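>>> Sequence and predicted model, in that order:
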Amino acid sequence: QTGGTVKVGVLHSLSGTMAISETVLKDVALMAIEEINAKGGVLGKKLEPDVVDPASNWPLFAEKARQLISQDKVVVVFGCWTSVSRKSVLPVFEELNGLLFYPVQYEGEELSKNVFYTGAAPNQQAIPAVEYLMSKDGGGAKRWVLLGTDYVYPRTTNKILRAFLKSKGVAEADIMEEYTPFGHSDYQTIIAKIKKFSSEGKKTAVVSTINGDSNVPFYKELGNQGLKATDVPVVAFSVGEEELRGVDTKPLVGHLAAWNYFMSIKAPANDSFKAKWAAYAKAKKLPGADKPLTNDPMEATYIGVYMWKQAVEKAKSFDTDKVIAAMAGQTFTAPSGITSKMDEKNHHLHKAVFIGEIKADGQFNVVWKTPGPVKAQPWSPFIAGNDKKKDEPEGKTVIAAPAAPAAPKK
Amino acid sequence: MLTVSGLNQYYGGSHILRDLSFEVPAGKVTTLLGRNGVGKSTLLRSLMGVVPVTTGSVKMGETDITHAAPYVRVRAGIGYVPQGREIFPRLTVEENLRMGLAIKPGSTPIPPFIFDMFPVLKQMMGRRGGDLSGGQQQQLAIGRALAAGPKLLVLDEPTEGIQPSIIKDIERAIRTLASGGEMAILLVEQYYDFARSLADHYMVMERGEIVARGAGADMDKNKVRDLLAV
Amino acid sequence: MKREDPEVAHWRDAPRPWPWWPPARSPEAAAAAAVAAQPSSDASFGRSVDGELDLTKGVVLYLDGITVSFDGFRALNNLTLTVDAGELRCIIGPNGAGKTTMMDVITGKTRPDSGTAFFGQTIDLTRLAENQIAHAGIGRKFQKPTIFAHHTVFENLELSMKADKRVRKTLFAKLSSAERDRIAMTLAQIRLTDSADRQAGLLSHGQKQWLEIGMLLMQEPKLLLLDEPVAGMSDDETERTAELFLSLAGTHSLVVVEHDMKFVETIAKKVTVLHEGSVLAEGSLADVQNDPRVIEVYLGR
Amino acid sequence: MRALLLGLMLLCVLLAPPAYAVDAALAQRIAAGDNDEKVAVLAKIVAAADPKDIPFLQSLAEGTVTLDGKPVEITVNNRLRREIEGAIAALKLVDPDRTTRLAAAKELSGGAEPGMLPAVKKALATEKDPEIKPLLEAIMATLGIKSTDKAERLAAIKTLGASNSPTSRTLLAELKDDADVEIKAASQQALKAVEGRLAWAERAGLLFAGISLGSILLLAALGLAITYGLMGVINMAHGELIMIGAYTTYLVQNLFRAHFPGAFDAYLLFAVPAAFAASMLVGMALERTVVRFLYGRPLETLLATWGISLMLIQAVRTIFGAQNVQVENPSWMSGGMEILSGVVLPYSRIVIIAFAGAVLVGIGLLLAKTRLGLFVRGVTQNRAMASCVGVPTARVDMWAFGLGSGLAGLAGCALSQIGNVGPDLGQSYIVDSFLVVVVGGVGQLAGTVLAALGLGIVNKLLETWAGAVIAKIVVLVFIILFIQKRPQGMFAMKGRAVES
Amino acid sequence: MTRFFGPRGWTILAACAAVVFVVFPVLNLVVPPTSAFHLSAFWVTLIGKIMCYAIVAVAMDLIWGYAGILSLGHGLFFALGGYAFGMYLMRQIGADGQYRMNMPDFMVFLDWKEFPWQWWNTEHFWWAAILVLVVPALLAYVFGYFAFRSRVKGVYFSIITQALTFAAMLLFFRNNTGFGGNNGFTDFKRILDIPITTPETRMALFAITGAALIGTLLLGRFIVTSRYGRVLAAIRDSETRVLFCGYDTVHYKLFVWTLSAVLCAIAGALYVPQVGIINPSEMSPANSIEIAIWVAMGGRGTLVGPIIGAFLVNGGKSVFTQYFPEFWLYLLGLVFILVTLFLPAGVLGLLDRWRRKST
Ligand SMILES: Nc1ncnc2c1ncn2[C@@H]1O[C@H](COP(=O)(O)OP(=O)(O)OP(=O)(O)O)[C@@H](O)[C@H]1O
Ligand SMILES: Nc1ncnc2c1ncn2[C@@H]1O[C@H](COP(=O)(O)OP(=O)(O)OP(=O)(O)O)[C@@H](O)[C@H]1O
Ligand SMILES: [Mg+2]
Ligand SMILES: [Mg+2]
């Protein structure tokens, strides 16, 4: 049983538009694997990382997933960032009964037996953030600008938020929804609009689900147009330490982000995580090693690798089904200092939510956190019909030709 | 002025110019005649370096220019009027003439004698070269070649498309230029009368070879016209 | 048959996909719109003019009061000219007189600012697109030889051959042996039999001239417009060209522009001299050659 | 960094034991109490209106106060920061220094709390300065509007109606459904007046946004107008040359930060020529090694330069990492100029507009006054013949391509000031650049300028009423229709010259 | 004159057909997975996918290589075909989606109670097939008609095709457009009520794609060897002259343009069930440029060249991203540069040169 190696797949874009975010996740996964190997591997086997580059190309994600599972016979895959990439590989994982660890916060509304979601569901990020902004300490916002890039995650999150806000008595007229195309880089008019909206009465806050590259021009414009956090705070769900690397944060002090992890969190687990990462980046001469940063998806990746290891050890097998069974209830002391637990049923982590304000040095000042870990609600209660959904992935759906033609249409 | 010896030229597999040797003396007009497709233009293009010479040598005075780039040859003093005008269509007439002055300093004015010779160019200074009529373009091409004051003027069927009165002017001008004694002129022509009246020397080409040559005055006597018949 | 400014009329008549669609303006767009002006596109293409060439008055081409200006410069100035059916007309005139521009107007390449151009009695050339004019029976040889450089000489002739030129027909077209013979004949006529399979772009200047004449012959037009056909040909070949043209006259109408006076002498019956966009003189060659104005502006002393 | 700061602070504390004017009990409450408690204490401090409390507030804003000689860390969130800043400003209203007072008054006009009324009143009583006084009066009005006295409220409404700040609108908007009929009418009227003035400001801001976007498009496209417009090289690596310019700016910035921190604000002046030179050198190298073999085969250049672009992107990823790097505006470029209240024209954008204009003039002069432009056009139109009139074509190509690439570098330098600097920087501009050059008319510099400005303004106009996504789609459709009308671009060349 | 195919050409074609229709199915379905000769599902989908790309490349070459019209928006037609067929596949999921509702997940999520109009009748295969052919054809026809009629040419045409696909991409990104936004369509379960992931279905799709590719090749060959093809090439070289010969160039261009769009759409429709996802990024300008790159790589103006190009570039991409995840862009970029510099006629030109040398 001992000796030999076993392959694990790493499926993150190293080129194309998503490389900007995903490259570090590949590195952190490799770091965790190296650590595990240094301690003797898993079940006596060394892990052999199998890194491929799906190049931010969604069909290529599916192809690479198939290759990892069926050709290279990896026992688990750590990967994906965008929802569409996950949606693209999902059928492949289900068909071939593979195992995917997905480390990024996302819009929910999905459960798969073959996927473990180590990032946040909306109720572990978006809702607490909005609640905070509504509170006295958050500034007591009454008017809301929901600003995002025009694709599924922002649209879904905003839909959920809209329902949530309504449930809190916010009027339709007090919500402004605004979307920009991918790669949008000119936020002049949008910020002017926000200014106008906010001057029409009541305290206003902005919820930003702007994606990736557009954040830098957005924040630069925000700073230059003098929209201060004390007047109109902006809370973002896709902006972490890495994204702020490219921005001069002095004018942004006070704007917020909600995550399950911040690099600035003071916890022994975090100190060692940061130290390990710094050492690893330096040893591997990674770009940017002079200013090693950690962020939430990196933490989620790290948790994922370790939880998988624990589950394998519990199952005493690399077999997908056994590992899936063993994952339920796994716990791990995350770098955030919280002991995260994998839910017994819904394949999501219980995570604490932190809200941080941007500091002048590009780090976050944690101003609020949940008392303890929050259970994920992949099926948002704010979407009609979800109350009936089971909080558990269904067993592998056996797909066969239906005896009768698919249920009557309409 | 120009000495060509043992020149060979190929297009792909076909042998176009076969072992040509001749001289173009200063102060004289040398005309080259030949039927369609015998390789006259190819010869001139080889002299200009537009197509690289395969074997043989080309000398301008004492300098060997066999393998020089075209612009070096222009600097050595060759002016070229190609067949088919080859003006710069989207440059104005003035700019076309300025291109002709490329080897001179930027402030050099366009020599006025060009406008005396081709008054239409003066009228059309601001018009784009490509908009000119065929004959006007031909005049522009000649004017452009003369602008920099070359030592050797190479003309490929320069009278094509030009009205009779201006052909006469050109004829006079070429004679004046040659008789100044400085300039050598190599003229390719199919227009027999024009060629004959200008030629100090003549050469007849056939299938890439020079099959006859002599003094211009002897062209009629030597039945050159018959050599050109099919 | 007087009409208002043809271009204005043309805009008004041009079909618009939607009411707010602006009318076409540039000559190119106008020409393109003319294509659409035909009752229908592909299927009935050309039919409306086919076979309707009406030569009852014995006149093949009427140009009346044609004016063309480019940025204020009048290339054609109220030009009026008629060519009789079967006639071989020579047109001479100084460089820039407007000869090529006139041909552009006849073939639809340039739209006149004003004036009318009729092919026979009925076909209004100012309203047709280039291909329709070609189809109606006007063929043209350009001043600068234009041939299909990447096609073989044979294919050049094949493509210009008179045939049904609709998309569907060319897709399934097969060369009949009669057509093959015609191409072979023309090849012989233009002395390019040996070069039939060579790429046309590689021909020498003179050979291209001949090829273009050959293409024109294949097209079997009723009216041939020839812009400096013998430029770049040797004297001998010029003579052969002259013979060819003379043999065509009568059955065809020809309009020849040339500066080679010897050539004009051999073929000309009636000569028109253009100058500054209008007719300066017209008559027999001898008359014209002795006209002092013609000597002044064109022939020189 | 943070530790260092803390250390420094500690040092200060040790050297000079703090002597806060605030009494120890209050300070204790601030340190120990929850946020509500803190706010209450702050209100007390403001009510006392004693400027001597400022140092305490300042150290509080920093996040540490010293109590009993020991530094205590305090988490300061937005709410507290707002309160503290307001308090400091209120206390500074009576500062002897005029500029300090002015700044404080400006700060407060953004939103004053009722608790500051005594402080403002106190300041107003002594204030003589003609600039500060009206500000204070306006602040009084914003506070007065919440007063219980109707006359005071009406007066306040009147004052607010005369101002044109968005704060006034906010305040007036809240009153427009007031129970009191008189106040309702007055506030509605005042609101209308304010809104009318603000609308003008908005329009001006919109125009500026359009011009700004246009200037960016122009900068991105200018280099392409040379390499593609004049030389005919379909340079898909143009975007990457822009990127190289941006990364050069980054390197120069780092150099200054490391070696000349005092002159940091001047780094951009050096970055501009450096970016130009770097992109130019890369461009020239590309021209010599690849592009020059492909003249006259424009479609092959497409393939080869696409390959180059892939390699350059990956090279940057290897060297600098896949993440964005930070390029900081020099201080004279951060912030903005408030032309009308509410409309801020960021300095960075103003500078870029001016820069684009300057580059345009420069390139215009270069092409008009030297023969390079003439030669480039001649060479593109007829390479063989250009050589036959004596133009050293190879050298002209190299310089022209270098110039176009250098311009791309300048664009990169400018873009680094307002957007991302990352490996994908170029990709996001390449499509737009080609659009601009083509819509303007290939080879027409004036067309490029007009197209850039036109597209910029149209885009921004549409964005305000249709949203960014639809605006972009509409602009693209507009371009398609425009090309139908003008198949050769804005500045179409007509006539025979085009065909030959 | 060009012959349809030489005897050698027919032999190669027959061999390819045999591989696609006999060898691969046998290796995949009959040979047991344990055998070294077994062809795994991975390879079947990969080759199937690249064959779809190859169809696109041939379609592109018809208009670019033969008619001289460079489209930088062909990805749009490919994607439209994919979306049209994808709608049918989405309907086939039935109630097996995440929400177990008889509607695509994204619609359930958006609270739509009824299918929007675009989805009318899409539960029927035949209707989807019609959509695949008609929608791209109509779009191409209308767009082409106006563009060719206005004589939009060269780069101006290329750029507006790029603008078209870009605009379409932004439109499809929007959730409201009704095509699943950025996520597009995925998670297909059945086709013609047959489970989509069985080896047999997969092999059938593969074989159909192979047949489509061979059909495209033959059709293309027929077109370029006809007189029509020669007129097309003549238009590429000198449109004016063609007009003066009496040809109506607008319709000549329009026909091949529309045909090319339809071929792309068919490829797209075959691509979606094999790859399992269609989303708006297929319409991104970069994807369309890449199509041109396959063609240039293989050899423009030949029909086999583009197929080779599509296989080389995409195969290369698949292999490089596997073995050199960090360096593959250097390799790919270098290949592009070297091909243009040293193989001006593409890879096929190289083969030609070798053949000529050996004879
Ligand atoms: N680029 C080329 N490649 C191959 N063959 C060519 C090329 N250019 C010209 N030729 C051939 O070379 C021969 C000589 O051409 P050239 O142009 O020199 O003739 P020429 O004597 O100038 O004829 P003309 O009097 O018609 O101008 C011709 O047969 C022509 O077909
Ligand atoms: N697009 C244009 N823009 C400006 N001027 C033009 C344009 N087209 C033609 N011209 C001018 O119109 C006049 C007539 O030109 P045209 O070509 O008809 O002359 P031509 O009689 O054929 O002369 P040639 O004998 O030299 O061929 C010329 O002066 C020419 O410069
Ligand atoms: Mg010649
Ligand atoms: Mg003419």
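That came through fine. None of these values were measured; they are calculated from a predicted model. Numbers count the residues shown, from 1 in each chain, chains lettered A, B, ... in the order given. Ligands and ions are numbered 1, 2, ... in the order given.
>>> so where do the strands sit in chain E?
Using DSSP state E, the strands of chain E run over residues E:185-186, E:190-191, E:194-195, E:277-278.
>>> same check, this time on chain B
With DSSP E as the criterion, chain B has strands spanning B:2-11, B:14-24, B:29-34, B:55-60, B:63-64, B:78-81, B:152-156, B:184-188, B:201-206, B:209-215.
>>> List just the one of these that sits closest to residue D:118.
strand B:78-81 (92.9 Å; CB to CB). Placement of C-beta: from N, CA and C, glycine included.
>>> starting at the chain centroid, how far to the closest one?
Strand B:78-81 sits 6 Å away from the centroid of its parent chain (CA atoms, centre = their mean, to the nearest Å).
>>> contacting residues for residue 80?
Unless you meant another one, I'm taking chain A. The contact partners of residue A:80, taken as CB atoms under 8 Å, 6 or more residues apart in numbering or on different chains, are A:11-12, A:61, A:86, A:89, A:100, A:102, A:104.
>>> sorry, should have said chain E
When contacts are counted by CB under 8 Å, 6+ apart, residue E:80 touches E:135-136, E:139, E:265, E:268.
>>> Point out where chain B drops to low pLDDT.
Applying pLDDT under 70 to chain B flags residues B:230.
>>> Just want the residue of the stretch 201-350 of chain E that's nearest chain A.
Residue nearest to chain A within the stretch 201-350 of chain E: residue E:325 (3.7 Å; CB to the nearest CB).
>>> per-residue pLDDT, the nearest residue to that residue once chain neighbours are set aside?
For residue E:325, ignoring the flanking residues on the chain, the nearest one in space by CB to CB, 6 or more residues apart in numbering or on different chains is residue A:53 at 3.7 Å. Per-residue pLDDT puts residue A:53 at 93.
>>> So residue A:53 sits against residue E:323, correct?
No. With contacts counted by CB atoms under 8 Å, residue A:53 stays clear of residue E:323, the gap being 10.0 Å.
>>> re the thing from before, the strands of chain E: which one's closest to chain B?
Short answer: strand E:277-278, nearest of these by CB to the nearest CB, at 44.8 Å.
>>> How about the closest one and chain A, touching?
Yes. For strand E:277-278 and chain A, the contact criterion (CB under 8 Å from any CB of the partner chain) is met by residue E:277.
>>> again with stretch D:242-256
No. Counting by CB under 8 Å from any CB, chain A has no neighbours in stretch D:242-256; the shortest distance is 9.7 Å.
>>> what comes up buried for that stretch?
Across stretch D:242-256, burial judged by 16 or more other CB atoms under 10 Å in any protein chain shown covers D:242-253, D:256.
>>> cool, stretch E:205-218 as well?
Buried residues in stretch E:205-218 (16+ other CB under 10 Å): E:205-210, E:212-214, E:216-217.
>>> before we move on, what about stretch A:155-170?
A:155-162, A:164-165, A:170.
>>> Number of residues surrounding residue A:323?
By the other CB atoms under 10 Å in any protein chain shown criterion, the neighbourhood of residue A:323 contains 21 residues.
>>> Could you find the closest non-adjacent residue to the residue nearest the centre of chain B?
By CA atoms, centre = their mean, chain B has its centre lying nearest to residue B:155, at 1.5 Å. Leaving aside its chain neighbours, residue B:155 sits nearest to residue B:81 (4.5 Å; criterion: CB to CB, 6+ apart).
>>> show me the contacts for the one you found.
B:141-142, B:144-145, B:153-156, B:158.
>>> got it, and residue D:141?
Applying CB under 8 Å, 6+ apart, one finds that residue D:141 lies in contact with D:155-157, D:159-160, D:163.
>>> what sits against residue 272?
With no chain named, the answer covers chain A. residue A:335.
>>> Can you look at chain E instead?
Taking CB under 8 Å, 6+ apart as the test, what residue E:272 contacts is E:82, E:85-86, E:89, E:185, E:188, E:278.
>>> Can you tell me which of those residues lies closest to ligand 4?
residue E:82 (53.6 Å; CB to the ion).
>>> for residue A:146, helix, strand, or coil?
strand (DSSP: H, G, I helix; E, B strand; the rest coil).
>>> can you pull the pLDDT of it?
95.
>>> what separates residue E:200 from chain D, distance-wise?
Taking CB to the nearest CB, to the nearest Å as the measure, residue E:200 falls 39 Å from chain D.
>>> And the helices in the stretch 401-500 of chain D?
Ranges of helices within the stretch 401-500 of chain D are D:427-440, D:445-485, D:496-499, based on DSSP state H, counting those that start in this stretch.
>>> so of these, which one's packed in deepest?
helix D:427-440 (a mean of 25; mean count of other CB atoms under 10 Å in any protein chain shown).
>>> That one close to chain A?
Yes. Helix D:427-440 is in contact with chain A by CB under 8 Å from any CB, via D:427-428.
>>> can you tell me which of the buried residues of stretch A:155-170 are in strands?
Secondary structure assignment by DSSP E places none of the buried residues of stretch A:155-170 in strands.
>>> And those, which is closest to residue B:180?
Nearest to residue B:180 among the buried residues of stretch A:155-170, with distances taken as CB to CB, is residue A:155, at 83.3 Å.
>>> Looking at the buried residues of stretch D:242-256, spot the one nearest chain B.
Closest approach to chain B among these (CB to the nearest CB): residue D:242, at 27.9 Å.
>>> Now the closest one. Nearest residue, chain neighbours left out?
Going by CB to CB, 6+ apart, residue D:242 has residue D:412 as its nearest residue, at 4.2 Å.
>>> wouldn't the one you found be in contact with residue D:275 here?
Yes. At 5.8 Å, residue D:412 counts as touching residue D:275 under the criterion of CB under 8 Å.
>>> which residues do these two both contact?
In contact with both residue D:412 and residue D:275: D:244-246, D:248-249, using CB under 8 Å, 6+ apart.
>>> any chance of the residues you listed in JSON lines, plus distance to residue B:199?
Converted to JSON lines, the shared contacts of residue D:412 and residue D:275 look like this (distance: CB to CB, whole Å):
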{"residue": "D:244", "distance to residue B:199": "60"}
{"residue": "D:245", "distance to residue B:199": "60"}
{"residue": "D:246", "distance to residue B:199": "65"}
{"residue": "D:248", "distance to residue B:199": "63"}
{"residue": "D:249", "distance to residue B:199": "66"}
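>>> Out of those residues, which sit inside helices?
D:244-246, D:248-249 (DSSP state H).
>>> tell me the strands in the stretch 151-300 of chain A, going along the chain?
For the stretch 151-300 of chain A, strands defined by DSSP state E, counting those that start in this stretch occupy the ranges A:175-180, A:204-209, A:234-236, A:256-259.
>>> The second one - contacts with which helices or strands?
Under the contact definition 3 or more CB pairs under 8 Å, 6 or more residues apart in numbering or on different chains; DSSP states H and E, strand A:204-209 sits against helix A:126-134, strand A:143-149, helix A:152-167, helix A:188-199, strand A:234-236.
>>> who does that strand pair up with?
strand A:143-149 (parallel), strand A:234-236 (parallel) (DSSP bridges).
>>> Show residues contacting the shortest one.
Outside strand A:234-236, the residues within contact range by CB under 8 Å, 6+ apart are A:129-130, A:132-133, A:205-210, A:215, A:222, A:255-258, A:355.
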